[in-house]
Structures are given as structure tokens and as C-alpha cells.
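Enquirer: Build me a structure from this.
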Amino acid sequence: MKSDFRARNHPAYWAFAAHRVSGVLLALFLPLHFWALGQALHGEAGLESFLRWSEQPLVKFAETVLVLLLAAHLTGGLRLLALEFLAWRDWQKRLLAGAAGLTLAAGLLFLLNAGPAAAQAYPVKPVRVIVPFPPGGAADIVARAITHEMGRAWGAQVVVDNRAGAGGLIGAEHAARAAPDGYTLLFASASPMTVSPHLALRPPYHPIRDFTPIVLIGFSPNVIVVHPSLPARSMKELIALARARPGQINYASNGVGTLSHLAMELVKHQAGINLVHVPYKGGAPAMIDTVAGQCSVFFAAYPTLSAQVKAGRLRALAVTSTRRIALAPELPTVAEAALPGFEATQWWGAYGPVGLPAALVAKLNADIGRALQSAEVKSRLAADAAEPAGGTPGDLAAYLRTDYERWGKVVKASGIRAE
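Expert: Sure, this is the predicted structure:
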């Protein structure tokens, strides 16, 4: 046996160093790793507790280090054996040295395929989808249609969990604090992601930093209506009338900080007019008082107001989307009628907690995208004059950022705060 392989210029030096250092680190690391594993398995929820533990970023990093150390230890040992301790022929030594390289390659391949393999196995237990609003609302109805398709495609249970309150902040916060394992998702409208965080004095989460965007679900345009007694038949006439009567025309909203409130504040800001805000506790009482003439202007989803518009009890002026809608093609957009660049669209997105693995994000994006193309989901969206969206996680991230910044400016300019 040669005795100088510890010399830096010896061919086996680096194999010896890798073997020795990785061995020492494994001796220190493995007991700690298995102790933490035991703690997780003996947690309150047993295996479920372990699965949540295993998805933590620090644990994933530790597992990566463990695989690399094992690969380095085996690689160094095999190469040292081939070069130094075996009286084999050169071709035999090269064969064993090649096996060492394959060992290291296998370790790296394991790391590269660990994420996709986990995504392929998903889901292995029920998936919970948090909707931060009460049952029966637009967000809830859309979420139930999509989760039904997802459950059918997966052959697994997908449960809608309605956690309402504080303008969607309560449910969204719960989703943000969940483990990033794909078993807790958030289906939310624009409000809790782009409006409510600006209104709260201390928002419990940041919509851009604390979530992983998955897919943009769809858009639903709204319409601006006026009572027939108001002498305005277009957005330009409404703006001219408001300028002539500053502070004398009022508008109803679903409540302080709702989209109907902020959209009209955006109209005021862009048009330079002064309308008086009358907040209600929900869309139904706001519509009733507008039909009765107690309020002059109102903003809501077109299906909610279409019957009153057709009966002549309300007059529709424009839709707030970027293009006209199929249910009322005669209505111009606010942007083309009076205020270029105006947009105040209701929309929904699917999110996971921050740290959701990329392979799982890709699978969820593809599966929800397929659900959006189903006849049932398209029919449900069309009933609310909504259109399915889809696209990449990056598309949702970009739209979220733009809308978040837009409503942040409106809230700051108007000085609105949650009641």
C-alpha cells in the first residue's frame, strides 16, 4: 500500500480529501437529521405532520446537502480504492473510477428529479382550496366549478373552505401561512390581493411576497349605471354633469374598500370630478336604493344589474373592462367612451403559499388550465359575463403586480381606510 496519497501532488489526494471530509460531515449531520425526522413523525398529526415538515425550505436544503455528501463520500471512496489500494490492471482501475463518477452523477440526477417525481405523485390526500368569501358569491361559485373538474381529473377529493371576513384578509392570511406542499391553495378575487392589503393599517401578508402565483382564472367586467332621472346618457355626459354640480351627485357602493367603491374613486380621480360616496352593506341594498332613486350612480357586475337595465329602471352607460362584452355589445368601455386607459375589472387567481415547488406549480397550472377549458366551467363563467383566462404563473404575477400598484395609488389619493 502506498503511503503518500495524503500529499497534495498525489493523484489520489483529492479523492482522499473528499472521502475524509464528507465522512466527518456525515457523522455530524446524520444524527441531527434523523433526530429531526423522529420529532416530525411523533408530532401531533403523525404522517401528515411529517409531510408538512418535509416541505419546509430548510429541510429540503438539508436533504440536498445529505445527498451530495453521500455521493461525495462514495465517489471519493471508490476512486481512492481504484487508484491506491487495489493491485488491478489499469483498465480495471479506470472501470472502478468510472463507477465513482456514475455514483456522483446518480446523486445529482436524484436531486434534479426529486421535484418532478413529487409532482407526478400529487395529490395523495385531499386538497383544500380556501375561498376568502362566504358561500354563494361569485368567487365561491367559480371556485366550486373549477375544483369539481380538478377532483374529477385527479380522482381525489378537492374541498372548498370558505373563510370569510375582513375583506378577504382572514382567508388569504390562512392560505399564506400554510405549508407549501400543494394541499392548501387559495382561489381569490382581486379584492384580498390588490385592494384590502392597502386598506389595512397592518396587513397580515404581502400579496406579492407571501404567495406563489399559479394561474389567472378569469375576468368579469362591471358596468356603471345611473338612475333614469339623472340627465346623463353617456360617460361624457355624466362627467360633464358632475363638473357642473360638484358634490351634488352621489353614488352607491357595496361598502368601504370594495371594488365598486374604488372603481368610482378611480373615475373621480381620472375625470377630476367630485361625487359623494354612499356605502352600503352589500350590493343588494345598494342596487335597491339606486333603483329607488336614493342614489344616482352605481357600479356592479352586469348580470346583477341586467334585469333592471332591460326593464328601464336603470340606465347602463359603460362597461369597465378593456373591451366590450358579448352580453351587451352596445355598451362602450369607459376607456373608449371618456377615460382612456381606465380599467376596473373583477378577476380571480389561484395561488399557493410562498415556496411551492416549481414542478408542483407547473402541474397545478396545467391542471387548472384544463379545467378552465371544460364546458361546465365555461358555462358558469359565461353566466356572469366572465371569460376564462389561463396562461402562465408569470402572467398572473404580472397582472397581480399591475393591479396591486393601480389600487394602491387610488387608496393613497382618496385616503380610504377600512372601517
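
Enquirer: Show me where the stretch 51-200 of the chain has its strands.
Expert: With DSSP state E, counting those that start in this stretch as the criterion, the stretch 51-200 of the chain has strands at 127-131, 158-162, 184-189.

Enquirer: Which strands border the first one, and is each parallel or antiparallel?
Expert: On the basis of DSSP bridges, the sheet neighbours of strand 127-131 come out as strand 158-162 (parallel), strand 184-189 (parallel).

Enquirer: quick one: contacts of the shortest one?
Expert: By Cβ atoms under 8 Å, 6 or more residues apart in numbering, the list of residues contacting strand 158-162 from outside reads 126-135, 140, 143-144, 147-148, 150-151, 171, 187. To be clear about C-beta, it is placed using only N, CA and C from the backbone, and glycine gets the same treatment.

Enquirer: buried subset of these?
Expert: 127-133, 140, 143-144, 147-148, 150-151, 171, 187 (16 or more other Cβ atoms under 10 Å).

Enquirer: Which of those residues sits closest to residue 229?
Expert: Proximity of these to residue 229 (Cβ to Cβ) peaks at residue 133, which lies at 33.5 Å.

Enquirer: State the distance from that closest one to residue 161.
Expert: 11 Å (Cβ to Cβ, to the nearest Å).

Enquirer: shared neighbours of the two, anything?
Expert: residue 171.

Enquirer: need the helix or strand of this structure with the lowest average pLDDT.
Expert: Sorted by mean pLDDT, DSSP states H and E, the helices and strands of the chain end with helix 47-54, the least confident at a mean of 49.

Enquirer: Give the residue spans of the stretch 251-400 of the chain that score low on pLDDT.
Expert: Along the stretch 251-400 of the chain, no part satisfies pLDDT under 70.

Enquirer: Tell me which stretches of it form helices.
Expert: Using DSSP state H, counting those that start in this stretch, the helices of the stretch 251-400 of the chain run over 259-271, 283-291, 302-310, 334-337, 358-372, 375-382, 393-414.

Enquirer: okay, which residue is most central for this structure?
Expert: Taking Cα atoms, centre = their mean, the centroid of the chain lies closest to residue 351, which sits 2.2 Å from it.

Enquirer: Is it possible to get JSON lines of the strands paired with strand 127-131 that adds distance to residue 400 and mean pLDDT?
Expert: JSON lines is the format used below for the strands paired with strand 127-131 (distance: least, Cβ to Cβ, whole Å; pLDDT from 0 to 100):
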{"stretch": "strand 158-162", "distance to residue 400": "22", "mean pLDDT": "91"}
{"stretch": "strand 184-189", "distance to residue 400": "10", "mean pLDDT": "93"}
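
Enquirer: tell me the most buried of those?
Expert: Among the strands paired with strand 127-131, strand 184-189 has the highest mean neighbour count (mean count of other Cβ atoms under 10 Å), at a mean of 26.

Enquirer: Past that strand, which element shows up next along the chain?
Expert: Next in sequence after strand 184-189, counting helices and strands by DSSP states H and E, comes helix 190.

Enquirer: Check the gap between the residue nearest to residue 184 when sequence neighbours are not counted and residue 246 for me.
Expert: Take residue 184 and drop its neighbours on the chain: the residue closest to it by Cβ to Cβ, 6 or more residues apart in numbering is residue 178, 3.6 Å away. From residue 178 across to residue 246, the span is 48 Å (Cβ to Cβ).

Enquirer: now do residue 315
Expert: 22 Å.

Enquirer: Show me which of these two is the more surrounded one.
Expert: For residue 315 and residue 246, the more surrounded residue by other Cβ atoms under 10 Å is residue 315, and the numbers stand at 17 against 11.

Enquirer: Is that one in contact with residue 234, as I believe?
Expert: No: checked against Cβ atoms under 8 Å, the pair residue 315 and residue 234 is beyond contact range at 9.9 Å.

Enquirer: so what's the closest residue to residue 263 other than its chain neighbours up against?
Expert: Spatial nearest neighbour of residue 263, chain neighbours left out: residue 344 (3.7 Å); criterion: Cβ to Cβ, 6+ apart. Residues near residue 344 by Cβ under 8 Å, 6+ apart: 222, 259, 262, 263, 266, 299, 320, 334.
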